[in-house]
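In: Quick one, structure for this:
(chains A and B)
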Amino acid sequence: MLRSLATRRLAAPLLQARGMATQVKLPDLPYDYSALEPVINAEIMELHHKKHHQAYVNGVNKALEQYAEAEHQGDVGKMIGLQGAIKFNGGGHINHSMFWKMLCPPKEYEDPSGALEQAIEADFGALDGLVSKFNAAAGGVQGSGWGWLAYSPESKKLVITTTPNQDPLQPTAGLVPLLGIDYKNDRPAYLKEVWKVVNWAEAGRRFKEATGA
Amino acid sequence: MPPPAALHPTACQHQSTLALVDLMRLQSLRALPTLAVWLAVLCAASPARARRLLDDAPAPAPVPSSPAQPFSLPPLPYYYSALEPWIDTETMQLHHDKHHQAAVDKLNAAVANRSSLWFGGDVSQLVRLAGTDAVPAEIAEAVRNNAGGHYNHQVDAGGAEQLFWTLMAPKDDPEDNQPVGELADAIWAQYDSFDAFKQLFNEAAVARSGCGWAWLIIGADKRLSITTTPNQDGPLMAALVPEPGTPVLVVDVHEHAYYLLHRNRRQGYLDSWWNVTNWEQANEYYAAALANY
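Out: Okay, here's the model as predicted:
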């Protein structure tokens, strides 16, 4: 029994080394599927997390495994060929993992405070100014993509930007224009409502980290 | 080319609809109990279907094109509900009246003062210029997205290619929907069987990440080819797509095309879509494209 225990403890890292592939996991939501009602309904939360995000996790794990194998075989052509799948699925995983934390139940909503609040006033005048600029940018995204509120270490300012598909970004806070069932084609309506579930505390924490404040 | 008579909304293919309309024309009070019985039977048999027959209306008439509106959205060649249960009524309404209409509106706004890009409302000529210098830089993105979107969906533009909407039609035997004519021969010759072709097409359509379209095209070599494009790009955009060609068959794989009924399951949508693909129309496009090459 001792021997089999030892074998099992050694086996996992050895297998991992042989596999040489990074693998990611679907993170749990920090709240129930219904926690963001009535702004985002439980069905869309469950679909978005259990189906869409899970698909990105499965996709990137498969692509990373294949990439590790290709690298092991020195097949540069194949490695290049896999990069699209890694970017799309890996980006999807990164973006959504952040996204879940950037939302909170509507009754826990609080306006931005502290250093982030000051930065918002300095760069946008007021929260309203940020929201309308953000919605204009996010509303203009063609097809699928993300709207971001980000901090730029270069200019030391808050910026609003968008990325297409699942391209990742290093943001301070992220919001996604996803056309969900509740809002159907009406992206502007979604963008109007979603601000009620934005987790400014999380955004503030990221801002502190980014600015070294 | 006007849609064939059998598909015109006023032709009322569906027998139950005909019967219901006739019943509703009856003036006499004596007819009312019959009408009530008919409705009761219909509702008992299929409540959802009864609701659709009563609520249904053909797609609205087109706004004629004008200098202010060089491009216009024609109506669907069938009722919104015509493709049930494969494609649901609500999706058809939203997809045509909201998404496609938005593309037309944005396109008109983008080319408002540039009559050289109007082509008499024939958007197929405009899409060919996407990504080239013929389109001014400041409207290049808007033209790519919205002319692309209008072209990929469009019903009719004075004889030019007609795509997604007309490549679907209600079928008498949807679960045995097969290619016809020269196109069928070409598919069998090139792919060995319809099933083998379907599998390749499905794989490509599912693999298209995010928004886009899956196409069966014919190239200058007169061979069929399965290809996909992102967002609203299409195979006529020779400057932008790796595999240009002439469309023969197309399916929209944006989530708005299937999410209400199929949610995230794109393959489920594709399985349904094969039951309504309009092979007669696809065969006509194939023959026309062959003649042009």
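In: tell me which residues of the lengthiest helix in chain B are tucked away?
Out: Assignment by DSSP state H gives helix B:137-153 as the longest helix of chain B. Residues of helix B:137-153 classed as buried by neighbour count (16 or more other C-beta atoms under 10 Å in any protein chain shown): B:139-140, B:142-153. Every C-beta, even on glycine, is put in place using the N, C-alpha and C of the backbone.
In: With stretch B:188-207 instead?
Out: So for stretch B:188-207, counting by 16+ other C-beta under 10 Å, buried means B:191, B:197-198, B:201-202, B:204-206.
In: helix or strand right after the longest helix of chain B?
Out: Using DSSP states H and E, the next helix or strand after helix B:137-153 towards the C-terminus is helix B:181-191.
In: So what touches that next one?
Out: Applying C-beta atoms under 8 Å, 6 or more residues apart in numbering or on different chains, the contact partners of helix B:181-191 are B:178-179, B:194, B:197, B:200, B:223-224, B:248, B:279-280, B:282-283, B:286-287, B:290.
In: Show the contacting residues for the residue of chain A found nearest chain B.
Out: Residue nearest to chain B within chain A: A:G143 (3.8 Å; C-beta to the nearest C-beta). With contacts defined as C-beta under 8 Å, 6+ apart, the neighbours of A:G143 are A:164-165, B:145, B:210-212, B:230-232, B:254.
In: Please identify, among these, the one with the most neighbours.
Out: Neighbours here mean other C-beta atoms under 10 Å in any protein chain shown. Within the contacts of A:G143, the largest count is held by B:Q232, at 26 neighbours.
In: is it true that that one touches B:V143?
Out: No - the pair B:Q232 and B:V143 does not pass the contact test of C-beta atoms under 8 Å, sitting 10.2 Å apart.
In: what residues are up against B:A82?
Out: By C-beta under 8 Å, 6+ apart, B:A82 lies in contact with B:76, B:169-170.
In: so where's chain A shaky on pLDDT?
Out: By pLDDT under 70, the low-scoring segments of chain A are A:1-19, A:170-184, A:213.
In: and it, which residues reach chain B?
Out: Contact residues of chain A with respect to chain B, defined by C-beta under 8 Å from any C-beta of the partner chain, are listed as A:47, A:51-52, A:55, A:84-85, A:88, A:142-144, A:165-166, A:179, A:181, A:184-185.
In: Top of the residues you listed by number of neighbours, please.
Out: The most crowded member of the residues of chain A next to chain B is A:Q166, carrying 22 neighbours; neighbours defined as other C-beta under 10 Å.
In: correct me, but it touches A:K87?
Out: Yes - the pair A:Q166 / A:K87 is scored as a contact, 7.4 Å apart, by C-beta under 8 Å.
In: buried subset of the contacts of helix B:181-191?
Out: By neighbour count, with 16+ other C-beta under 10 Å, these hold B:179, B:197, B:224, B:248, B:279, B:282-283, B:286 as buried.
In: Which strands or helices does the helix or strand A:A189 falls within pack on?
Out: If you go by DSSP H and E, A:A189 is part of helix A:187-193. Taking 3 or more C-beta pairs under 8 Å, 6 or more residues apart in numbering or on different chains; DSSP states H and E as contact, the helices and strands that helix A:187-193 lies on are helix A:127-139.
In: Would you list the strands that the helix or strand following the helix it packs on pairs with, along with their directions?
Out: Following the chain from helix A:127-139 toward its C-terminal end, the next helix or strand by DSSP H and E is strand A:145-152. Here strand A:145-152 has these sheet partners by DSSP bridges: strand A:157-164 (antiparallel), strand A:173-175 (antiparallel).
In: May I see the buried residues of stretch A:77-84?
Out: A:79, A:82.
In: what's that stretch in contact with?
Out: Here stretch A:77-84 has contacts from A:63, A:66-67, A:70-71, B:209, using C-beta under 8 Å, 6+ apart.
In: What is the nearest of those residues to B:K98?
Out: The nearest member of the contacts of stretch A:77-84 to B:K98, counting by C-beta to C-beta, is B:S209 at 23.9 Å.
In: ranges for the helices of chain B?
Out: Using DSSP H, the helices of chain B run over residues B:15-25, B:31-45, B:47-55, B:89-93, B:101-110, B:123-127, B:137-153, B:181-191, B:194-207, B:259-262, B:266-273, B:279-292.
In: Generate a markdown table for those helices, with mean pLDDT as supplementary columns.
Out: A markdown table is the format used below for these (pLDDT from 0 to 100):
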| stretch | mean pLDDT |
| --- | --- |
| helix B:15-25 | 38 |
| helix B:31-45 | 43 |
| helix B:47-55 | 40 |
| helix B:89-93 | 95 |
| helix B:101-110 | 94 |
| helix B:123-127 | 92 |
| helix B:137-153 | 94 |
| helix B:181-191 | 97 |
| helix B:194-207 | 97 |
| helix B:259-262 | 92 |
| helix B:266-273 | 96 |
| helix B:279-292 | 92 |
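In: Indicate which one of these is closest to A:E108.
Out: Counting by C-beta to C-beta, A:E108 lies closest to helix B:259-262 out of the helices of chain B; the figure is 28.8 Å.
In: Can you spell out which helices and strands pack onto the closest one?
Out: If you count contacts as 3+ C-beta pairs under 8 Å, 6+ apart, helix B:259-262 packs onto helix B:89-93, helix B:266-273.
In: hmm, who's touching the first one?
Out: Think helix B:89-93. When contacts are defined by C-beta under 8 Å, 6+ apart, helix B:89-93 is touched by residues B:52, B:56, B:76, B:80-81, B:83, B:256-261.
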